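Visitor: I would like the atomic coordinates for the input below:
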Amino acid sequence: MVDEIAKIGFVTVSDRASRGEYEDLGGPAMLAWFDQVLISPWQAVSRVIPDDQAGIEATLKELADVEGCCLIVTTGGTGPAVRDVTPEATEAVCEKMMPGFGELMRQESLKFVPTAILSRQTAGIRGCSLIINLPGKPSAIGDCLNAVFPAVPYCIDLIEGPSLHADPDECTVFRPKHAQKKS
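Guide: So this is what the prediction gives:
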């Protein structure tokens, strides 16, 4: 059986990057992390969009419903500033929220910076897509993905998405013994 190619959506939420005034560092940081960790076939679907709730919602819906991304990761727009609305957009398009992702990412980030408590990352499920909000700081993206990704492949299994596999030297993925046959 040929492995299904997983589509992964990468969304940078930034007014300045979307206008070309600022180099998008978050999107490439997310892509580089997945390039290093995933060993199963996957395809990136990337977007750079402004901090606008309606636009973020439309992009998340497009990546989930039209593009068929099993995983969508966002960077940016998770702080307390007025234009930071990525968590609100994520909550608006998801049927189920997964608060443990945000809790763990903040806990991990607190090891590096006390302002991690200002971050409002969240995660949720829309249909067969898991959406995870990552911080905007590129170095924090890897820290947070290292913390939460061990649970991501099994979550995607549970929502009937393609089977994701990681290089065990880079990230140890957890699947219960009864679910490990899906390789």
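Visitor: just give me the residue right at the centre of this structure.
Guide: Note on the chain: the residue nearest the mean C-alpha position is residue 73, at 2.2 Å, using Cα atoms, centre = their mean.
Visitor: which phi and psi does it have?
Guide: phi -120, psi 140 (degrees, to the nearest 10).
Visitor: again with residue 23
Guide: The phi/psi pair for residue 23 (degrees, to the nearest 10) is phi -70, psi 130.
Visitor: please name the nearest non-neighbouring residue to residue 74.
Guide: residue 11 (4.3 Å; Cβ to Cβ, 6 or more residues apart in numbering). Just so you know, the C-beta spots here come from the backbone N, C-alpha and C atoms, and that holds for glycine as well.
Visitor: for this structure, which segments are assigned as helices?
Guide: Secondary structure of the chain, counting by DSSP state H: helices at 15-18, 26-37, 53-61, 86-93, 99-109, 138-148, 152-158.
Visitor: can you list contacts of the shortest one?
Guide: Surrounding helix 15-18, the residues in contact under the criterion Cβ atoms under 8 Å, 6 or more residues apart in numbering are 12, 22-24, 26, 48-51, 76, 83.
Visitor: wait, which of those is closest to residue 177?
Guide: Ranking the contacts of helix 15-18 by separation from residue 177, with Cβ to Cβ as the measure, puts residue 26 on top at 36.1 Å.
Visitor: okay, now residue 104: neighbour count?
Guide: Residue 104 has 16 neighbouring residues, counting by other Cβ atoms under 10 Å.
Visitor: where in the chain is pLDDT low?
Guide: 1-3, 181-183 (pLDDT under 70).
Visitor: same thing but 50
Guide: Residues of the chain that meet the criterion pLDDT under 50 lie in 1-2, 182-183.
Visitor: please report how far residue 35 lies from residue 24.
Guide: Note on residue 35: its distance to residue 24, by Cβ to Cβ, to the nearest Å, is 16 Å.
Visitor: for these two, work out which one has more neighbours and name it.
Guide: Using other Cβ under 10 Å as the criterion, residue 35 and residue 24 rank with residue 24 on top: 19 against 11.
Visitor: which residues touch the more buried one?
Guide: 12, 14, 17, 48.
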